[in-house]
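Trainee: Return atomic coordinates for the entry below.
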Amino acid sequence: MTGPWETLVATALMGTDRPTPDLSGFDGALGQFLEKLDASDAEGLMLSMGGAIATYTQAGIQAAKHSGPIPEPCGPEVLPRCSSLSRQHLQQILNGPRQRILPEFLAYLHTAGQRIPEEHLPSLLNLGRQQSHLRDAIQSVIGKRGRWLAAHNPDWRYVSEEVAVADLETLQESWDTGTLATRLTVLRTLRETSPIQGQTLLELSWKQEKAKDRTEFLKLFFTGLSPEDEPFLEAALDDRSKDVRTVAAALLTRLPDSQLCQRMIERIKPLIDIQSSAEDLTLKIKLPEDPDPAAIRDGIVATKMYRLGQRASLLMQLIGAVPLQFWSDQAPVEQLIQAAGQHKWQAGLLKGWEIAAQRQNNAQWGQSLIHHALTQETTVEQDLTDLLAILPISEREALMVQWLNQLWSSAKREVWRTTVATIARSDHSPTLGFSRFLFAGLQADFIEMQSSSQAKDYPYQLRAYISDLAYYLDPQVVTESDLLKAALEADDIHAYRREIIDDWLEIINFRFAVQQAFAHPDS
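Mentor: Prediction:
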């Protein structure tokens with residue numbers, strides 16, 4: 001049977017220069033409408049018929065019928081919705097160029113014990129599917145309805161079921177029958193509350209898990225890691241998956257008394273000879289040969305790292321896996337670092353100790369290594385943010401202030417800007433005091449740059465570091481931006497610079513509005 005659409009297609013294939021299509025075969029309202037069309041314009045008639053028939057066909061489509069069981073409705077919400085003002089801010093974040101602020105907004109929301117408005121759940125859940133780093137934050141604020149929706153959409157399977165910490169029977173059931181996301185939540189919960197029980201749970205199903213899943217499960221052992229995990233992790237060094245072996249070795253290097261760390265000590269002993277006297281300390285170093293199968297099993301790889309040669313990279317890896325107490329027992333930390341700084345292989349030595357300090361969360365070594373770096377001319381090329389992260393926040397920010405002041409005093413503005421940008425991209429959350437320090441530096445740099453001979457040049461360097469600061473600083477600093485605003489009023493300011501600063505102020509003003517909406521929800 002030939003329908004309206006098929007008739008139209010056949011006519012179109014013949015061409016509009018052929019006789020006008022017969023419209024008499026169309027019945028009902030569609031036929032009445034088509035009869036009113038102007039048949040003298042062949043091309044116009046063809047297009048009008050196409051639109052009319054398409055609309056007619058679409059209007060007649062019936063909705064699909066659901067023949068399966070009706071899902072249980074979502075239970076009542078426990079968390080309150082965020083304020084109407086915060087909802088407006090979220091709308092702007094999701095639909096505009098400010099999505100980089102979303103993690104900050106979600107953190108405020110979680111801290112306030114509130115949830116996302118229902119109308120934004122689909123958009124947010126889709127974002128989580130596309131950007132895995134947002135998933136934990138999203139899950140904490142979607143409420144019961146968000147989890148209910150996710151359970152009915154395969155694209156949102158990353159959302160886990162709610163897991164009751166105290167209900168061990170429920171945990172076991174969720175582990176046995178849940179999705180990967182749910183099982184990760186179960187194991188994460190146990191590693192936070194009862195690490196050994198979490199290890200036992202994983203150990204029972206370990207051989208049945210996929211290699212990719214084994215790797216993800218093992219990464220959760222960084223939480224609650226203890227010597228009791230060692231037998232399980234030691235066995236994982238023989239796993240057929242390279243990724244699993246790598247994670248297991250990284251975990252064992254964080255246990256100074258582990259067999260792996262003791263094996264690393266035995267490997268390093270023949271390579272480094274510490275000779276000390278009352279006045280001096282020297283190091284005699286022999287670079288390691290390529291790793292044997294046992295060393296490879298322990299995570300040592302024959303490859304170049306951190307701009308080091310291959311053998312220097314091997315030395316760095318070995319030192320990075322040796323307990324720091326091994327060195328401290330032989331000489332004071334400061335003397336060891338000073339001696340290393342004078343050695344031919346200082347880069348491998350110092351980088352190895354940096355890695356060890358981070359792995360073992362040793363603030364004393366971290367602080368000593370930073371102090372040494374700040375006395376070196378090559379500090380300008382170093383990224384100290386990883387080392388700074390292991391220090392208490394007050395010491396961390398004090399050293400960052402010293403670091404930046406040293407760079408500013410040396411008049412190496414390009415390096416100062418690069419360092420500020422590096423800090424702004426780190427995971428460190430600045431205090432208001434440190435934010436004020438950086439903001440004062442930004443304003444001084446802008447004013448100095450504006451008065452320089454290159455004032456009319458396009459300010460690539462300014463844009464490069466200022467954009468990160470807009471998302472890093474405590475937004476309250478915007479209330480202290482008088483110098484920056486005054487500089488914008490200057491008659492000779494270049495349009496490029498004005499645009500950059502205006503954009504910067506817009507971002508941080510919006511962040512300030514978001515912050516204040518949560519701080520004063522009723523105002």
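
Trainee: From residue 427, how far out is the residue nearest to the spatial centre of the chain?
Mentor: Central residue check for the chain by C-alpha atoms, centre = their mean: the C-alpha nearest the mean position is that of residue 133, 4.8 Å away. Taking C-beta to C-beta, to the nearest Å as the measure, residue 133 falls 12 Å from residue 427. Heads up, the C-betas are built off the backbone N, CA and C, glycines and all.

Trainee: One more: residue 106?
Mentor: 16 Å.

Trainee: In terms of packing, which of these two has more residues around it?
Mentor: Just comparing residue 106 and residue 427: by other C-beta atoms under 10 Å the higher neighbour count belongs to residue 106, 22 against 7.

Trainee: Quick check: closest non-adjacent residue to the residue nearest to the centre of the chain.
Mentor: Among residues not flanking residue 133 along the chain, residue 103 sits closest, at 8.0 Å (C-beta to C-beta, 6 or more residues apart in numbering).

Trainee: At which residues are the helices of the stretch 401-523 of the chain located?
Mentor: 413-424, 432-450, 460-472, 482-488, 495-519 (DSSP state H, counting those that start in this stretch).

Trainee: Least reliable of the ones you listed by average pLDDT, please.
Mentor: Mean pLDDT across the helices of the stretch 401-523 of the chain is lowest at helix 482-488; the value there is a mean of 72.

Trainee: So which elements touch that helix?
Mentor: Helix 482-488 sits against helix 432-450, helix 495-519, with contacts defined as 3 or more C-beta pairs under 8 Å, 6 or more residues apart in numbering; DSSP states H and E.

Trainee: Could I get the contacting residues of residue 83?
Mentor: By C-beta atoms under 8 Å, 6 or more residues apart in numbering, the residues touching residue 83 are 517, 521.

Trainee: on that earlier part again, cross-check the contact I'm expecting between the residue nearest to residue 133 and residue 138.
Mentor: No. Applying C-beta atoms under 8 Å, one finds residue 103 not in contact with residue 138, separated by 9.7 Å.

Trainee: who's more crowded, the two?
Mentor: residue 138 (25 against 15).

Trainee: quick one: average confidence on the helix or strand hosting residue 337?
Mentor: Assigned by DSSP states H and E, residue 337 belongs to helix 333-341. Here helix 333-341 scores 93 as its mean pLDDT.

Trainee: What of stretch 28-38?
Mentor: 76.

Trainee: Stretch 286-295 too?
Mentor: pLDDT averaged over stretch 286-295 gives 95.

Trainee: Just the buried positions in it, please.
Mentor: Neighbour-count burial for stretch 286-295, counted by 16 or more other C-beta atoms under 10 Å, picks out 288, 291, 295.

Trainee: Kindly provide the distance from residue 387 to residue 359.
Mentor: For residue 387 relative to residue 359 (C-beta to C-beta), the value is 12 Å.

Trainee: The two: who's more crowded?
Mentor: residue 387 (24 against 19).

Trainee: about what we covered before: what angle do the helix or strand that the helix holding residue 337 is followed by and helix 333-341 make?
Mentor: Note on helix 333-341: by DSSP H and E, the next helix or strand toward the C-terminus is helix 346-359. Going by axes from the mean of the first three to the mean of the last three C-alpha atoms, to 10 degrees, helix 346-359 is angled at 140 degrees with respect to helix 333-341.

Trainee: got the angle for the next helix or strand after helix 346-359 vs helix 346-359?
Mentor: Remark: after helix 346-359, the chain's next helix or strand is helix 363-374, criterion DSSP H and E. Computed by the same axes, to 10 degrees, the angle separating helix 363-374 from helix 346-359 equals 150 degrees.

Trainee: what distance separates stretch 339-349 from the centre of its chain?
Mentor: 33 Å (C-alpha atoms, centre = their mean, to the nearest Å).

Trainee: Show residues contacting that stretch.
Mentor: Applying C-beta under 8 Å, 6+ apart, the external contacts of stretch 339-349 come out as 281-283, 285, 287, 306-308, 312-313, 315-316, 319, 350, 353, 372, 376.

Trainee: In helices only, show me those.
Mentor: 312, 313, 315, 316, 319, 350, 353, 372 (DSSP state H).

Trainee: give me every residue that touches the second one.
Mentor: Taking C-beta under 8 Å, 6+ apart as the definition of contact, the neighbours of residue 313 are 303, 304, 305, 306, 348.
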